[in-house]
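Asks: Show me how the following folds:
(chains A and B)
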2 protein chains.
Amino acid sequence: MAAESYDRTEGLSNLLDSSKIHAMDAAILAVGSELLGTDRLDTNSLLLTRTLGAFGVELQRKVVTGDDVEAIVQEVGRLSRVVDLLLITGGLGPTADDLTREGVARALERRLIADDEMLDDIRRKFERFGMSMPEVNRRQAELIEGASWLINSRGTAPGMQIDTDDCVLFLFPGVPTELERMIESSLIPWLEEHSEGLQTETGIVRVACLSESTVEERIQPAYEEFGRERISVLASPADIQVRVLVTGRAEERARELEAMTDRIAGLVGRAAYSRDADGTLESVVGELLSAAGKKVATAESCTGGLVAERLTRVPGSSEFFEGATVTYSNRLKRELLGVKADTLDRHGAVSREVVEQMAVGVVARLNSDLGVAISGVAGPSGGTAAKPVGTVHVAVAEAGSEDVDHQELHLPGDRRRVRRLASQWALEMLRGRLLR
Amino acid sequence: MAAESYDRTEGLSNLLDSSKIHAMDAAILAVGSELLGTDRLDTNSLLLTRTLGAFGVELQRKVVTGDDVEAIVQEVGRLSRVVDLLLITGGLGPTADDLTREGVARALERRLIADDEMLDDIRRKFERFGMSMPEVNRRQAELIEGASWLINSRGTAPGMQIDTDDCVLFLFPGVPTELERMIESSLIPWLEEHSEGLQTETGIVRVACLSESTVEERIQPAYEEFGRERISVLASPADIQVRVLVTGRAEERARELEAMTDRIAGLVGRAAYSRDADGTLESVVGELLSAAGKKVATAESCTGGLVAERLTRVPGSSEFFEGATVTYSNRLKRELLGVKADTLDRHGAVSREVVEQMAVGVVARLNSDLGVAISGVAGPSGGTAAKPVGTVHVAVAEAGSEDVDHQELHLPGDRRRVRRLASQWALEMLRGRLLR
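Replies: Modelled structure (predicted):
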């Protein structure tokens, strides 16, 4: 196995000392002319950096090169001399422009050796799909001298691991799903072997509808208690993620992660809605609704159905989502929701009075437990001096309650952003109501 | 000016011959430790590759390095020896970890010289905002020996252009809006000067709801007529972009682009819905509705409002969009849309009969000219042997017409993808109806 043969490499022996694992550094080389074009970025590197980060390996460089053997030789040659771990993605396919094998072999001055066993393996993969292997795929069974194969269970291109005196190289295919699987089956076991249980893990606290500076201010004490470098704040519109980093062995990690996210969620207050990277605001609202045995309906104007669309992204949403109306015209606000003509005339469609009637109306007409209503000016046109673009009213009503929640918002940005922010506030107000 | 001083550089004289401009090659170096983390990619490089592509400059490498002066020295040193044009972004800020100036100066063995005039400029920028310049910003006024300044009208960090015997280097700030402006004010004029009007332009034909292989097959004659290397096919779910590349001077470019996109759109047939990079399917449908003076309403089940949400993304959608209902439950299908209980019992909610009644119902109840209805199984649960996940029925009805269009779809993928594909087919069926 790869990891065992690594133990025998003398030049890297310092890496085997777990106390020094954090000094290991790495580079990522992505091969593929399409990655130098105007549309695609090397997103594979994010999969790899997450894994490297989890083991405290420091990334020194990311390089992208085209399907050009001279360029590959150059980059592999120099990178393998400056880092301990070189991760190469792409260029392992069967066609003439797949040149990673050749490039790496030349850079390391090693031969390519046809491996009959691997060739049989690849042939069988094709046969399983009732096809015969094209002759070009023979190239995928050529192993760089001294390398070991890495199994690719999701495609025909196997990977390789090569241990040199200076560096350990991993060659992975560029197809993201194949790479993802091989990170798990090859890279993580290798890193585990060489980190002796010491790992870095990320915790998260998700926060809705607070400004970045407010969050920063509130979590100030956590910066002081845990160290500023272990906490980072990632802001997107009306949705902030506070991330914490913990390094250690499994049990201490779990303990410390909990302590840190507890403390931060406590400092942030009610706006901290989830500690799960996949816990979107809509899924959290869905859970609260399901737990309460309640269903919600939406009545939307400027958001055009975005709140309903977000709620129904959640698998199983029929359990907590009743239905929605999108009422763009005043006529539909009257006919579908029972908003009074008089109220529309007197206050205009974008007003507290109208959204409150919309929210009450959608609860009654759709026979739901809760109703959320939104009316606003998303732009680019339609704004006035009194109600400029970004003016949005949101209301939440509940069956059997007189008490209707209302907020008037003044949201920044273009049409897309105003709609996105308005949907976020609507979900957050719904969450607030459910927590009361 | 930069361009003039360039003319005097002998080593690069071959680049000045416009017939050879397409042999110019380039590399991009992005500086910033955040670009080596787990969240951010160097998206600035896409702004730059688009510009390089427009002038036929070939990109050889993209490199990302942290805020590490030794790494910058290494990368600038080697890249400036292998390419004609080196574009560097980031690391021009005022703080201690902004090391691009130092790194480039050391790589080129040149000094950094304080420029009092630039210092005054920066000071004035701060004063315009009623602030005094922090002392750290002094560093931004240090010019690399022999370089010329590039104006940054959107920030305090000026850029630089340095002409060496081997290479022309541009140093740009990493803030995307600042970079974008400086590409226009500095890089494009320089490229124009050295390409003498020869530029490359991209044309596009957008295609809905055809498979990639069908599109490939249909445009085969265009590959032969115009050359395969000038046409590329970019596929996303039920939405394909055929891109064509044209190089030449302004008038020939326009003529050839039109000829190529005409031919390709003709070969693809009716599914080619736009030749505008910003022409989304929803905006094209909106234009057709507006031109016909008609309004549409949607009745959605599994898409949860996504079709309504897409239509209302289009600015001014109130002109052609009436409203929508999202009817998740059978009860709401009956109450809001008048679907017959008997039909629901006999055929189930996911059936031709039910979506047809939904489409007719939404036209009548919302008083619109056209109605689109969708009912399906988006998953992950809810599938049966007879109606597996991905089964979706779509119908389009029109006021005053007995003729209801219907399609039964079997869509691949997870919940998110099934919903996205179903919304795409619904919009495409609506377009088909409007074109009839």
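
Asks: Parallel or antiparallel, list what pairs with the strand or helix carrying A:Val246.
Replies: Taking DSSP states H and E as the definition, one finds A:Val246 inside strand A:239-248. The pairing partners recorded for strand A:239-248 under DSSP bridges are strand A:199-208 (antiparallel), strand A:231-236 (antiparallel).

Asks: Just the buried positions in it, please.
Replies: By neighbour count on 16 or more other Cβ atoms under 10 Å in any protein chain shown, the buried set for strand A:239-248 is A:Asp239, A:Ile240, A:Gln241, A:Val242, A:Arg243, A:Val244, A:Leu245, A:Val246, A:Thr247, A:Gly248. Placement of C-beta: from N, CA and C, glycine included.

Asks: so which of the strands paired with strand A:239-248 gets nearest B:Asp278?
Replies: Shortest distance between B:Asp278 and those, using Cβ to Cβ, is found for strand A:231-236: 23.1 Å.

Asks: Tell me which of the strands paired with strand A:239-248 sits most buried.
Replies: Each of the strands paired with strand A:239-248 was scored by mean neighbour count; the highest is strand A:199-208, a mean of 21, by mean count of other Cβ atoms under 10 Å in any protein chain shown.

Asks: How about the residues of the stretch 251-400 of chain A by chain B?
Replies: A:298, A:300, A:302-309, A:311-313, A:315-318, A:321-329, A:331-332, A:335-336, A:366-367, A:379-381 (Cβ under 8 Å from any Cβ of the partner chain).

Asks: Let's see the PyMOL selection covering just the buried ones among those.
Replies: The buried residues among those can be selected in PyMOL (16+ other Cβ under 10 Å) with this line:
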select buried, chain A and resi 298+300+302+303+304+305+306+307+308+309+311+312+313+315+317+318+321+322+323+324+325+326+327+328+329+332+335+336+366+367+379
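
Asks: Helices - which of the residues of the stretch 251-400 of chain A next to chain B land there?
Replies: The helices, defined by DSSP state H, take in A:Leu306, A:Val307, A:Ala308, A:Glu309, A:Leu311, A:Arg331, A:Leu332, A:Glu335, A:Leu336, A:Leu366 from those.

Asks: okay, those in JSON lines with pLDDT next?
Replies: Output for these, formatted as JSON lines (pLDDT from 0 to 100):
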{"residue": "A:Leu306", "pLDDT": "98"}
{"residue": "A:Val307", "pLDDT": "98"}
{"residue": "A:Ala308", "pLDDT": "98"}
{"residue": "A:Glu309", "pLDDT": "98"}
{"residue": "A:Leu311", "pLDDT": "98"}
{"residue": "A:Arg331", "pLDDT": "94"}
{"residue": "A:Leu332", "pLDDT": "95"}
{"residue": "A:Glu335", "pLDDT": "95"}
{"residue": "A:Leu336", "pLDDT": "95"}
{"residue": "A:Leu366", "pLDDT": "96"}
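
Asks: Those residues: which two are farthest apart?
Replies: Largest separation among these by Cβ to Cβ: A:Leu311 and A:Arg331, giving 25.7 Å.

Asks: circling back: want to throw the ones in helices among the residues of the stretch 251-400 of chain A next to chain B into TSV with distance to B:Gln140?
Replies: Listed next are those as TSV, based on distance: Cβ to Cβ, whole Å:
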residue	distance to B:Gln140
A:Leu306	42
A:Val307	45
A:Ala308	49
A:Glu309	46
A:Leu311	48
A:Arg331	58
A:Leu332	56
A:Glu335	61
A:Leu336	58
A:Leu366	59
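
Asks: Closest one of the residues you listed to A:Gly266?
Replies: Nearest to A:Gly266 among those, counting by Cβ to Cβ, is A:Leu311 at 28.1 Å.

Asks: if we can go back for a sec, who does the first helix or strand past the strand holding A:Val246 going along the chain touch, helix- and strand-wise?
Replies: Per DSSP H and E, the first helix or strand lying C-terminal to strand A:239-248 is helix A:250-268. In terms of contacts (3 or more Cβ pairs under 8 Å, 6 or more residues apart in numbering or on different chains; DSSP states H and E), helix A:250-268 is packed against strand A:199-208, helix A:212-218, helix A:220-226, strand A:239-248.

Asks: Would you convert those into a markdown table that also reports distance to B:Leu35?
Replies: Shown next, in a markdown table, are the helices and strands packed on helix A:250-268 (distance: least, Cβ to Cβ, whole Å):
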| stretch | distance to B:Leu35 |
| --- | --- |
| strand A:199-208 | 18 |
| helix A:212-218 | 20 |
| helix A:220-226 | 24 |
| strand A:239-248 | 17 |
